[in-house]
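The following block contains a protein sequence and its predicted model.
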Amino acid sequence: AQSVTQLDSHVSVSEGTPVLLRCNYSSSYSPSLFWYVQHPNKGLQLLLKYTSAATLVKGINGFEAEFKKSETSFHLTKPSAHMSDAAEYFCVVSRSNFGNEKLTFGTGTRLTIIP
Amino acid sequence: EPEVTQTPSHQVTQMGQEVILRCVPISNHLYFYWYRQILGQKVEFLVSFYNNEISEKSEIFDDQFSVERPDGSNFTLKIRSTKLEDSAMYFCASSNPGLAGTGELFFGEGSRLTVL
């Protein structure tokens, strides 16, 4: 079985300061890990993905995440927060079976940006 | 940019009534999914659908639920007799086999179901 744990349900940062959203995973095999973002009244959007290539993954809107096997972590970071980053962020692990993608979501972290 | 569209955005129904949630996946995608999120809880997998049949379903997806692709463009989720605990946001998603292993599902904006 595989799972992800998001360590913070709510994170608040000031505009222009760094963002850190934490995620730990559990998987019996080499995982595929993702961060999805949900802006208010919008669908879920893929932010970035790790699929056993480079451990430092860059995504959209200046976000990046580092896969650390020794720590079973996949934390999401951004050097400088922008007001438009306010959203719900989900850490996700995927099991792929011949094109059938089954995603297991974390509980989500709500990111608030303080002007 | 192609997108997944869902209707209705919000539906209120009485317990015991049938509900159909509709989705139009991206046109060249072949895998279709339903996920749901009960308020304050995780997004959970319900079912995946490929080649006009269910590929996989979770234990949540019991006999009260069904899916179909009636006309080659729509993908529907039917709840036969709604219960209070079916109140949730339901997300439709689709994926392209060319992106197999990438985890990249394209999600709609969700249909919020409220059962009274």
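That came through fine.

In terms of secondary structure, what does the one helix or strand in chain A whose mean pLDDT sits lowest contact?
Ranked by mean pLDDT, DSSP states H and E, the helix or strand of chain A with the weakest confidence is strand A:100-105, at a mean of 85. If contacts are counted by 3 or more CB pairs under 8 Å, 6 or more residues apart in numbering or on different chains; DSSP states H and E, strand A:100-105 sits against strand A:3-6, strand A:87-97, strand B:31-37, strand B:43-50, strand B:53-57. C-betas here are computed from N, CA, C, even on glycine.

winner for burial among the ones you listed?
With neighbours taken as mean count of other CB atoms under 10 Å in any protein chain shown, these reach their highest mean count in strand B:31-37, at a mean of 24.

angle of that strand against strand B:53-57?
Strand B:31-37 runs at 40 degrees relative to strand B:53-57, counting by axes from the mean of the first three to the mean of the last three CA atoms, to 10 degrees.

re the thing from before, quick one, which of the helices and strands packed on strand A:100-105 is nearest to B:Glu109?
In terms of CB to CB, the element of these nearest to B:Glu109 is strand B:31-37, at 12.4 Å.

Which secondary structure elements does that closest one sit against?
strand A:100-105, strand B:19-24, strand B:43-50, strand B:88-95.

okay, the ones you listed, which one's buried deepest?
strand B:88-95 (a mean of 24).

Tell me the helix or strand right after that strand.
strand B:106-107 (DSSP states H and E).

Sheet partners, orientation included, of that following strand?
According to DSSP bridges, strand B:106-107 forms sheet pairs with strand B:88-95 (antiparallel).

ok now the strand it pairs with, how far from the chain's centre?
Put simply, strand B:88-95 sits 4 Å off its chain's centre (CA atoms, centre = their mean, to the nearest Å).

Send over that strand as CSV, restricted to the C-alpha atoms.
Taking Å, rounded to 0.1, in the frame of the first residue of the first chain, the C-alpha atoms of strand B:88-95 are listed here in CSV:
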residue,chain,number,x,y,z
ALA,B,88,-19.3,15.6,-1.3
MET,B,89,-17.4,17.3,-4.2
TYR,B,90,-17.2,14.9,-7.1
PHE,B,91,-14.3,15.3,-9.5
CYS,B,92,-14.2,13.8,-13.0
ALA,B,93,-10.8,13.3,-14.6
SER,B,94,-9.4,11.9,-17.8
SER,B,95,-5.9,10.8,-19.0
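
and residue 89, bridged to which residues?
As the question left the chain open, I've gone with chain A. Those that pair with A:Tyr89 in a beta bridge, by DSSP bridges, are A:Val37, A:Thr109.

nope, chain B
B:Gln37, B:Arg112.
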